[in-house]
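Student: no letters, just coordinates:
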C-alpha cells in the first residue's frame with residue numbers, strides 16, 4: 001500500500017509537494033496530488049530544531065531534529 005502525504009506551505013523545496021512512501025522508501029514529487037483515500041489532515045511547524053505537529057489522527061506531538069529549519073506546512077494524509 002502506498003502512503004501519500006500532500007503538502008502545501010513554506011520550508012519544503014517547493015510550495016506544493018507530495019511525498020509518496022512505500023515501506024521504507026520515500027519519494028518526493030513537485031505538485032499537490034490528492035490521495036484517492038483521505039485518512040487525515042495535519043499542520044506541521046518546524047521552528048529551529050523543534051517540530052510541532054497537530055494531526056487529526058495523532059492529535060498533537062513534538063519531536064526534536066538535528067537540523068535547524070523553519071517550515072509551516074498544511075498536509076493531507078492518505079493512501080492508494
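Tutor: Structure received. This is a predicted model, so every value here is computed, not measured.

Student: what about the strands in the chain?
Tutor: In the chain, the strands defined using DSSP state E lie at 3-10, 16-22, 25-30, 37-55, 59-79.

Student: strand partners of the longest one, parallel vs antiparallel please.
Tutor: Spelled out, that is strand 59-79. Applying DSSP bridges to the sheet, strand 59-79 is found paired with strand 3-10 (antiparallel), strand 37-55 (antiparallel).

Student: now the longest one: buried residues?
Tutor: Residues of strand 37-55 classed as buried under the neighbour-count rule (16 or more other Cβ atoms under 10 Å) are 42, 44, 45, 46, 51, 53. Where C-beta positions appear, they are placed from N, C-alpha and C, glycine not excepted.

Student: for the fourth one, which non-adjacent residue is closest in space?
Tutor: The one in question is residue 46. residue 71 (3.9 Å; Cβ to Cβ, 6 or more residues apart in numbering).

Student: and that neighbour, what does it touch?
Tutor: Neighbour list for residue 71: 9, 10, 11, 12, 44, 45, 46 [criterion: Cβ atoms under 8 Å, 6 or more residues apart in numbering].

Student: which one of these is nearest residue 34?
Tutor: For those, the residue nearest residue 34 by Cβ to Cβ is residue 9; the value is 15.9 Å.
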